[in-house]
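>>> pasting the sequence and the predicted coordinates here, then a few questions.
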Amino acid sequence: MISSSLSDNNNELVINVEGRFDFNAHMQFRSAYEDIGLQPQNFSVDMAQATYLDSSALGMLLLLRDYAGGDAAEIKINNCNDDVKKILQVSNFTRLFVID
């Protein structure tokens, strides 16, 4: 399940990923940032409840990065468990995202 919330000043969008982050989450993930009606300056993806990440999820993160401004975007991926963090590191996503 994917959900999102804006900060009080509409400056940051936090996208929460729960359970499996795979192709089945594509539409929910895209809607989480496209359907809010404005463009926040900062984005954060909270993976605290994510149990699995596959290659389609990596593609979705890249689409979010493009939407947020490409190289100029700073997107944080927070609260990753060890398995998720390892996948992001092996995929060199540490060069594209701030990963906690």
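Yes, it's here. Numbers count the residues shown, from 1 in each chain.
>>> next, work out how far apart the residue nearest to Ile75 when sequence neighbours are not counted and Lys86 are.
The shortest distance from Ile75 to any non-neighbouring residue, by Cβ to Cβ, 6 or more residues apart in numbering, is to Phe43 (4.6 Å). The way it works is simple: take the backbone N, C-alpha and C, and place the C-beta from them, glycine included. The gap separating Phe43 from Lys86 is 22 Å, by Cβ to Cβ, to the nearest Å.
>>> please apply the same query to Ile15.
Ile15 is 21 Å from Lys86, by Cβ to Cβ.
>>> in which helix or strand would I find the residue nearest to the spatial centre of the chain?
Nearest to the mean C-alpha position of the chain, counting by Cα atoms, centre = their mean, stands Val45 at 3.7 Å. Element membership for Val45 (DSSP states H and E) is strand 42-53.
>>> can you map out the strands along the chain?
Ranges of strands in the chain, per DSSP state E, are 2-6, 12-21, 42-53, 75-78, 98-99.
>>> can you spell out which helices and strands pack onto the longest one?
It stands for strand 42-53. Counting contacts by 3 or more Cβ pairs under 8 Å, 6 or more residues apart in numbering; DSSP states H and E, strand 42-53 is packed against strand 12-21, helix 55-68, strand 75-78, helix 82-90.
>>> same check, this time on the second one
Taking 3+ Cβ pairs under 8 Å, 6+ apart as contact, the helices and strands that strand 12-21 lies on are strand 2-6, helix 26-34, strand 42-53, helix 55-68.
>>> now render those as a markdown table, adding distance to Lys76 and mean pLDDT.
Formatted as a markdown table, the helices and strands packed on strand 12-21 follow (distance: least, Cβ to Cβ, whole Å; pLDDT from 0 to 100):
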| stretch | distance to Lys76 | mean pLDDT |
| --- | --- | --- |
| strand 2-6 | 14 | 94 |
| helix 26-34 | 14 | 95 |
| strand 42-53 | 4 | 94 |
| helix 55-68 | 11 | 96 |
